[in-house]
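A.B. asks: Sharing a model that was predicted from the sequence below.
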Amino acid sequence: MDHYTDRADLAAALRYTARLGMHEGIANHYSLAVSADGAEFLINPYGRHWSQMRASDLLLLDANQPPVGREDVDPTAWAIHGAIHRKVPHARCIMHLHSKYATALAALKDPVLPPVDQNSMRFFNRVAIDDGYDGMGLGDEAERLAVGLGNHSVMLMGQHGVLVAGPSVAQCFDDIYYFERAAETYITALSTGRVLNIASDEVAEKTARQWAAYPGAAQKHLEAVHSILTAQEPDYRH
């Protein structure tokens, strides 16, 4: 089966995340299910820098077949993404980052993102929080994350980072972009030491629903990224 569009979308998201400085060297991973049952998925290979990612670089793995002896597969990527693709049907796409502000939020004793601005209101009561960190994402932790995500699209991984899951590359990229922006605003506001202006539950929920109903925003965001990369780094599609 030809997954050219899937590969191009994922490569574009990886490259642009590097441009935004939200990646962490060659670590962290984006994956996308390409089979009906979600078991077969594309993922970035171990050792390839995000700023140089091409569509043809992406690996095709099976969540039910451990990649024994493969040096191009990051063990934590296989553990976390494999477990979630096996156990969470709505997680067609999974994006996991140690981005600066989301990770700073994850480092707080209380990592809840309060509705202090329009971007943070987007995620009001919509973020799962994992507070059971006990080492790098291998074995038991990966299984725990898959269960903890549940029906949520965003998980803040305590002392670790952030994970977004959803139906498409476009939706996940939009979510992870705006979550990082929201975390940046919150952490910056905290740094002033002044009293936060937290919206009421009613206003926050209303705004979250407005975000969810906003027409075509995620797809248009990804299309804009494709346009930039096609003009400046067209090899990402190769």
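C.D. replies: Thanks, I have it. Numbering: from 1, shown residues only.
A.B. asks: contacts, neighbours, all on C-alpha from now
C.D. replies: Will do.
A.B. asks: buried residues in the helix or strand harbouring residue 202?
C.D. replies: Element membership for residue 202 (DSSP states H and E) is helix 201-213. Of all the residues in helix 201-213, those buried under the rule 16 or more other Cα atoms under 10 Å are 204, 205, 207, 208, 211.
A.B. asks: for stretch 62-75, same thing?
C.D. replies: Neighbour-count burial for stretch 62-75 [16+ other Cα under 10 Å]: 62, 63, 73, 74, 75.
A.B. asks: Now do the contacts for the closest residue to the first one other than its chain neighbours.
C.D. replies: Right, residue 62. Nearest residue to residue 62, sequence neighbours excluded (Cα to Cα, 6 or more residues apart in numbering): residue 40, at 4.4 Å. Residue 40 makes contact with 33, 34, 60, 61, 62, 63, according to Cα atoms under 8 Å, 6 or more residues apart in numbering.
A.B. asks: could the residues you listed be laid out in TSV, adding distance to residue 107, secondary structure and pLDDT?
C.D. replies: Below are those laid out as TSV (distance: Cα to Cα, whole Å; DSSP: H, G, I helix; E, B strand; the rest coil; pLDDT from 0 to 100):
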residue	distance to residue 107	secondary structure	pLDDT
33	30	strand	98
34	34	coil	96
60	33	strand	97
61	32	strand	97
62	33	strand	96
63	30	coil	95
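A.B. asks: Just to check, residue 184 is in contact with residue 113?
C.D. replies: No. Residue 184 lies out of contact with residue 113 (Cα atoms under 8 Å); the separation is 10.6 Å.
A.B. asks: The two: who's more crowded?
C.D. replies: residue 113 (21 against 18; other Cα atoms under 10 Å).
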